Each structure stands twice: as structure tokens, then as C-alpha cells.
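okay, here's the prediction I keep looking at, along with the sequence it came from:
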2 protein chains.
Amino acid sequence: MNKDRIEREINDKVRLINESLDRYLPKENERPAILHEAMRYSVFAGGKRLRPVLFLVSAEVVGGSSETLLPAACALELIHTYSLIHDDLPAMDNDDFRRGKPTSHKVFGEAVAILAGDALLTLAFGLITECGSGGNISPGVIVEVTKEVAWAAGSQGMIGGQAVDIESENKPIQRSVLKYIHSHKTGALFRASVRCGAIMGGGSATEIMKLTEYAENLGLAFQITDDILDVVGDPEKLGKTVGSDERKKKSTYPAVYGLPESERLAKEAVDKALTALDEFGEEADILRFIADYVLSRGK
Amino acid sequence: MNKDRIEREINDKVRLINESLDRYLPKENERPAILHEAMRYSVFAGGKRLRPVLFLVSAEVVGGSSETLLPAACALELIHTYSLIHDDLPAMDNDDFRRGKPTSHKVFGEAVAILAGDALLTLAFGLITECGSGGNISPGVIVEVTKEVAWAAGSQGMIGGQAVDIESENKPIQRSVLKYIHSHKTGALFRASVRCGAIMGGGSATEIMKLTEYAENLGLAFQITDDILDVVGDPEKLGKTVGSDERKKKSTYPAVYGLPESERLAKEAVDKALTALDEFGEEADILRFIADYVLSRGK
């Protein structure tokens, strides 16, 4: 597939995802209006829809149709968005801006921001169940995906990573802790997005295993480049201030390994992600493109 | 059934629920320890396990076996617990004590309290999927229950009630708003507990409808007596200070209707709850007992 076609396909998916999010989220005038406004504010505050795109593409790579999977794709984006709202709270990372816009609690107050996060997480699990309404995804698969997502987003997945991240601020940084934070805070949901797509798309055990390898390395590369961008990135392109990790004494790759070694590690992870796709043909070109994009973004 | 036997059966169920909660919650020494400690702290800080008991009893009332349903029963308790942790936060109701013990954020700090709530909610959805592992609950039923719980706990259910409650503080109280808050904040999860029990127990449409009527009136009675207890209750028995609703200018039944009329309304709701059980035999005696208990508790 050529680059133009890949970009067009990704854009088509992002458009479908955005339309679906708009359809699945309660309207702003539905009671309680302030809550629904806050939910929509954060979901539509930008965002590259990377997780739902990975989910849909993974379903297609194993030969599934992605059309009926949009509710589950959106669920992954809602979980990602809720985690950002809660992470930005004053008690957590205390960030005033995200993607160039004031964070939820700056606009709606802390109480509504907390509830909006809770509601997005809850809606996500409701949405996954909707994938069955077309009739071509069996309830058994929906249950399997629900379990996988709950695990990935839970106390031993994404939330666990955030808890250790907060706990580790202002402490000497250990490599093993850094690895834990990154593989859980970001990695777990990336992994679940790809795996659940492959499961719902009807992938074989081998296909799911290979895609899991891709996802784990992609998540790692994503997090390393995120850390790097916080040091060298362009604030305009990122929509947020840079240097905030260092100010908060966060555990980051540049802080532990230095910049050149961090860049090498990111490159290595992307190489491994690409190798995991070796047995797939052209249909996995979008996944290859995303891996390259993760390495080059923000530059 | 005589009262002693009913109380014994309820106590047996509570014991089973507590043992199951202990089994399903990650251990305190599992990483991140502070998060798992916080999750366990709030789950085991007391609590009457009313929702999981209602769930299990409703399954039995329609002829189902409750043994394989313990994961879903526990899920309802986890959702209830998470909502209390978040409601108690400084940005919300700012309560320092709950059931006679310091609230989560007083013990673990706000960041961990928020994450512990998030993790309990997430684990709840994971647990519901576990009901299928025994093989006698079909995936279709699990999906149906997941959908029902997500709806009841979401922005148009429990979280919606909390949002309107917060929004309505220090404002003139309207009866329609009071009704919205109560039917959503407390009622929705009561309703889902009973309904999901009946669904998983294999109840007929008529049975589920009658039990829904019971649950809605029980939830209303519960919330009215909760409001009444905040005015006239014994702080020792309640494990929390009284009069806090009035101090925060919360929308309550006594504030809107006065005490005598509130008591009459609670009694009326319990009567309706009992009438809804008319077509059930002795097997619904526990549900009748719980309705009477709700009216007399704290006195």
C-alpha cells in the first residue's frame, strides 16, 4: 500500500470513530447537562484516536470486518480519555492544559471532572456490549473482550501504572520501576486495543500472539518518544508545555538513560514491532505506518 | 420463613460475599501495594452488603442458584464502594468519616483514593464476566447484565444522580430535582442489583417486572430513611455525623416535605415494595424482611 492510501484509510477510520463517538455519547442537553458537556469536551478536545484505530485495523488484518466493531473501538478511546481527565486532576499530575486546551477540572471544576471520568469509564463497558447487536459478534467474544479490557485498564494494568508513577515522583529512579510504569500506564491499553481487535476480528492464536508482540513494542516506543518529546519537543505541535516531567521529577527514559540511548531504545522497539508483523502481508501496512509514525511524531 | 431463619440466611450470604470479596480483590502485597491496600480498606470498612444480598436473593426467588453468581454480586458491592470513595472526596461531599472510619482520601491521600475508586469500578466489570466460568450462565446473559449495570451506574444512572446532587447544593430545592437525585443516585443500583439477580437466575419477564417494582420502591424508601436518619439518627449507630445534609444544604426529603410527611412517604414506598411481591411465596420472605429493615434501621 502506498503512503497516500494508508493516510486516507487512517483518516477515514478517524472520521468514522469521531462520528460514532458523537452518536454514542449522551447529547449535551440531556440531563445532567453539565456532566454530558464535560464528557464531550474531553472526548472531542483533539486526540489522534490511536487506540481505536489500532483496534479496527487489527480486526481487519486478521480478516475481520471492522464496521460492527465501532462501539468497542470507541470504548477504548473513552477509557483513554477518562484516564487523562483523572491524571490531570490537581491531586494527580495537576495539569492545566492538555492538547492545547484547558483541562476538564479547569473548565468544569474538580467534582464534575471526576464524575465525567467515572462516567466515560462506565460507558466504555456499556459500549463493548453493543458490538453484539449486529449479531455477527458472539456474546462469548464480547465477554472475552470485556474481561481483557477490564484487566488492561485495572489496578494491575493502566491504573496500576499511574499509581506507581505518582508514588515514584521525587524519588531516585530505578530502571525496573520505570519499566513497570510504562508497560502498565500506556502499554496495557495499547496491547488490549490490538488484541481485542484481533479477537473480535476472529484472528488465530498465532495471529493474536504476533499482534500482541507488535503492540507491546509499539506501546514501549510510544512511551519512550513521549518522554523524549517532553524534553526536546515543540510545544506548539504537542499542545502542551514541555519540561513538565523534569519539573515533577517523573520517571522518564531520558532521565534514566539519557537522550541518545532513549532514542536508540525507541528505534529498537519499533524494529521489534515491525519484525512481529513479518508474516503479515500488505494488509498490515497501516500497522507498519503507525509504528514509523510513533518514532517520527513531534519532530 | 421465621425471622431467625431469615436472619441466619442473610448472615450466611453476607459471609459468603465477604469471603468472595477477599478472594477477588488483589492481595495487599501485590503491586501497587498502596492501591490494593486502599481498595481493600474501603471494601472492608463495614457495609451491610445490601446490594449483593438483594442480587443473590433475587436470583433464588426466581428459582436460580446463587452459588455461581458471587462474582457479579461482588461487582455490585465494588461499584457501590467506588461511588462512596469518590463521593467523599474534598471536591465532592468532603466527608472525613464513613461508617465510623476515616475516608479513603484521609488515609491514603486524594490521588490514591481517586485511583482506588477507578480500579474498583473497573474490577467490577471484570468480575461480571467471571460468572460464566462455571459454565451455567450463558455469555448472552453476562452481556445483558453488563449492559444493565453499565447503564445503572453511568451518567444517566448513579453518576447522573451524584452530578445533579452536587449541582443542586445551596440552591432552592425542587421536588422534581429531589426525585431525580434519589431515583438515580441510590435507586438505579438497587434496581440493577435486583434485576440482574433475577435475570441471571433465569426469571420470567413477569417475575423481573414485579421484582423491578419492588426494587424501585425499596430504593426510594432507603433514600428517604437515609435522609431522615441524617436529621434524627443516632450517630453511634450510623457511624457518621448527623446533620451534614442540612449543613451542606443538600436536597433531602425532610427539607422538602418535613419529617412526618417524609416518614409517611417511606412507609408508603415500603408498602408498595411489599405489594409487588404478592405473587411470590415464602421464597421472597428475605426480600420482605429487607423492606421492613429499611424502614426500621437506625431507630
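Received the coordinates, thanks.

by residue count, what's the longest helix in chain A?
Scanning chain A for the helix with the most residues, using DSSP state H, yields helix A:205-232.

contacts only, for A:Ser155.
For A:Ser155, the contact set (C-beta atoms under 8 Å, 6 or more residues apart in numbering or on different chains) comprises A:163, B:26, B:32, B:35-36, B:39, B:115, B:119, B:122-123. Every residue, glycine included, has its C-beta placed from N, CA and C.

where does it land on pLDDT?
Here the pLDDT value assigned to A:Ser155 is 98.

name the nearest residue to it, sequence neighbours excluded.
B:Ala119 (3.9 Å; C-beta to C-beta, 6 or more residues apart in numbering or on different chains).

picking that back up, the longest helix of chain A - contacts with which helices or strands?
helix A:50-61, helix A:175-182, helix A:188-200, helix A:244-247, helix A:253-257, helix A:259-276, helix A:285-296 (3 or more C-beta pairs under 8 Å, 6 or more residues apart in numbering or on different chains; DSSP states H and E).

of the contacts of A:Ser155, which is the nearest to B:Pro254?
B:Met39 (34.2 Å; C-beta to C-beta).

show me what contacts the closest one?
Per C-beta under 8 Å, 6+ apart, neighbours of B:Met39: A:155, B:25-26, B:116, B:119-120, B:123.

hey, which helix or strand in chain A has the poorest pLDDT?
None of the helices or strands of chain A scores lower by mean pLDDT, DSSP states H and E than helix A:235-238, at a mean of 63.

just to revisit the earlier point, will you turn the contacts of B:Met39 into CSV that also has secondary structure?
Output for the contacts of B:Met39, formatted as CSV (DSSP: H, G, I helix; E, B strand; the rest coil):
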residue, secondary structure
A:Ser155, coil
B:Leu25, coil
B:Pro26, coil
B:Ala116, helix
B:Ala119, helix
B:Leu120, helix
B:Leu123, helix
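
between these, which sits nearest A:Lys248?
For the contacts of B:Met39, the nearest to A:Lys248 is B:Ala116 (21.5 Å; C-beta to C-beta).

I'd say A:Ala59 and A:Glu207 touch.
No: A:Ala59 lies out of contact with A:Glu207 (C-beta atoms under 8 Å); the separation is 11.0 Å.

who has more neighbours out of the two?
A:Ala59 (26 against 19; other C-beta atoms under 10 Å in any protein chain shown).

number of nearby residues for the spatially closest residue to that one that is not a sequence neighbour?
With sequence-adjacent residues excluded and distances taken as C-beta to C-beta, 6+ apart, A:Ala59 is closest to A:Gly201, at 3.2 Å. By other C-beta under 10 Å, 25 other residues sit near A:Gly201.

hang on, the earlier thing: joint contacts of A:Ala59 and A:Glu207?
A:Ala198.

and A:Asp278, how many residues sit next to it?
Quick note: A:Asp278 (other C-beta under 10 Å) scores 8 neighbours.

same check on A:Glu67?
11.

now do it against chain B, distance only.
Using C-beta to the nearest C-beta, to the nearest Å, one gets 19 Å for the distance from A:Glu67 to chain B.
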